[in-house]
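Student: Let me see the structure of the following:
(one chain, ligands or ions: 2)
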Amino acid sequence: MSDDMFQQKPTTADDFIRFHPTVSEGIRRHPTVSDFIRRCPTSSDGIRRHPTSSDGRNIFRGHGLISTEEPKPIPILKSKSNSTKVKPIVDIKTVKVRGGKGGDGCISLRRLPKNPLGGPDGGDGGNGGHITFKATTNKTSLEHIPSIIEANPGVKGSNRDCHGANAEHTVIEVPIGTLFKSSNGKILVDLDVDGAVFVAARGGAGGKGNHYFTSDVNQAPEVAEYGADGEEITYTIEIRTIADVGLIGFPNAGKSTFLRAITRARPKVAPYPFTTLQPHVGVVKYDDLNKVTVADIPGLIAGAHRNRGLGIGFLRHIERCLGLLYLVDTSVPEPWLQLEVLRYEINEYNPDLLLRPSGVLANKMDLPESGKNYEGLKRYVDELNLPLFPVSGLNNVGIPPILRYIKQLYDVCNTEKVSDA
Ligand SMILES: Nc1nc2c(ncn2[C@@H]2O[C@H](COP(=O)(O)OP(=O)(O)OP(=O)(O)O)[C@@H](O)[C@H]2O)c(=O)[nH]1
Ligand SMILES: [Mg+2]
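Tutor: Ligands and ions are numbered 1, 2, ... in the order given. Predicted coordinates:
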């Protein structure tokens, strides 16, 4: 069998017989093991092997093959993405949940050759599945949740007293900190602990088969129950970010830059307002193994409670924070007015938030204009009796005192929690 045989294309039937070693007398058939051995130089026994190099080493270094060479790093062929596209987070959603229908009971009367009046033998239907939501760290948004969720129905009963199987429950994972509200806005459940489960809609019970209805007066009942419908409820599901400390400030004040400076979180930073459209949470780790989470939320502006800018709806993300850090751009004239507006808008949303332990960060202190504005801001902040920290998030200046303050705040709040419990 020469190499030319495989290279030239057959034209006549005769050529084809010559070209294809497995064809004889013009009948095409699949190659046999002996054909394979003839064609594959490394196979002598019909077992296919990877080729080997001349010194006997396997020339493949892929998964599962033994190599005597040192492992080398796999070169990165795909360049890192430069995309700045931000996928909006789905943090509020309305869903209709429906429990599974129960299986119907069966009507059956046993009739066997030797037992023609065997009596009723219709089995019960299985129960419909529930719909449950489970808090988990694996999820960060509600994107994966469809707007209508239906659980599995129970299996119908059948003759010979066979009961239908109960349906499997449907478990949907949600982020920790998910709230379930009724259609009138009342908070029903708060899944704020990892692994917490909420049964949102119960499945219907399976119907009884006619066997169940046998009585002294009716030995052959021809009645059975239908399986019950599952519950059908509409909920508004909402995520409230769980962070220990919330950063609040005007757009462009430098909140995201500051979060990048103190944590490994990477929110987008840009010199225009409303760069941040969704909360970002970063973690500050301390050497006593405590981890404090800090949330950067979108910027607030005057009139936000009247839905100016992005409104104040996203303030729900700081409702669970132990403390707040007001971040002020000190380079703009009269920076204390920012603080006044921020506190006013928070008061409009929920006055209780103003009572949380708070500090003020005078940001952009590296700019020359900030020096003269700082004194006025200090006087205003002293009147409010709040701690003030001059910082530059961009240049990482003034960070350690704030990290110490965040830790103090965390410790104090946690101690209070423990003593309350
Ligand atoms: N000079 C100086 N510039 C800063 C500092 N912090 C932030 N900036 C700049 O201010 C601009 C806005 O910063 P961001 O961190 O995006 O501001 P933000 O508060 O997150 O803004 P929004 O997301 O729109 O609310 C960027 O151009 C930053 O480089 C700072 O300490 N000094
Ligand atoms: Mg931002």
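Student: Can you name the residues bridging to I187?
Tutor: Taking DSSP bridges as the rule, I187 bridges to K181.
Student: likewise the one 4 residues further on?
Tutor: The partner list for L191 in beta bridges (DSSP bridges) reads T178.
Student: The closest residue to S392 other than its chain neighbours: how many residues sit nearby?
Tutor: Nearest non-adjacent residue to S392, counting by C-beta to C-beta, 6 or more residues apart in numbering: D366, 4.2 Å away. All C-beta atoms are positioned from the backbone trio N, CA, C, and that covers glycine. D366: 15 surrounding residues under other C-beta atoms under 10 Å.
Student: Next, the contact list for D366, please.
Tutor: If a contact means C-beta atoms under 8 Å, 6 or more residues apart in numbering, then D366 has 392, 394-395, 397 as its contacts.
Student: ok, now with 10 Å
Tutor: Counting by C-beta atoms under 10 Å, 6 or more residues apart in numbering, D366 touches 330-331, 391-395, 397-398.
Student: Which of the residues you listed ranks first by neighbour count?
Tutor: Busiest of these [other C-beta under 10 Å] is T330, holding 28 neighbours.
Student: That residue contacts Y374, correct?
Tutor: Yes - T330 is within contact range of Y374, at 5.7 Å (criterion: C-beta atoms under 10 Å).
Student: okay, and the common contacts of these two?
Tutor: Residues touching both T330 and Y374 (C-beta under 10 Å, 6+ apart) are 362, 365, 390.
Student: For the last one, list each beta-bridge partner.
Tutor: The partner list for P390 in beta bridges (DSSP bridges) reads A362.
Student: Just the pLDDT at G64, thanks.
Tutor: Predicted confidence (pLDDT) for G64: 45.
Student: separation between T241 and ligand 2?
Tutor: Taking C-beta to the ion, to the nearest Å as the measure, T241 and ligand 2 are separated by 15 Å.
Student: count of residues packed around that residue?
Tutor: T241 is flanked by 25 other residues according to other C-beta under 10 Å.
Student: ok, it - contacts?
Tutor: Applying C-beta under 10 Å, 6+ apart to T241 gives the contacts 89, 91, 140, 175-177, 278-281, 293, 295, 297, 314, 316-321.
Student: Can you pull the phi/psi pair for the residue in the stretch 101-250 of the chain that ligand 1 sits nearest to?
Tutor: Per C-beta to the nearest ligand atom, G249 is where the stretch 101-250 of the chain lies closest to ligand 1, at 5.4 Å. Note on G249: its backbone torsions stand at phi -170, psi 170 [degrees, to the nearest 10].
Student: Distance of the residue nearest to S392 relative to Y344?
Tutor: To Y344, D366 is 28 Å away according to C-beta to C-beta, to the nearest Å.
Student: Nearest residue to E231 in space, ignoring adjacent ones along the chain?
Tutor: Once flanking residues are discounted, E231 sits nearest to A201: 4.3 Å by C-beta to C-beta, 6+ apart.
Student: per-residue confidence for the one you found?
Tutor: 95.
Student: I'd say it and I148 touch.
Tutor: No - using C-beta under 10 Å, A201 is not in contact with I148; the gap is 11.3 Å.
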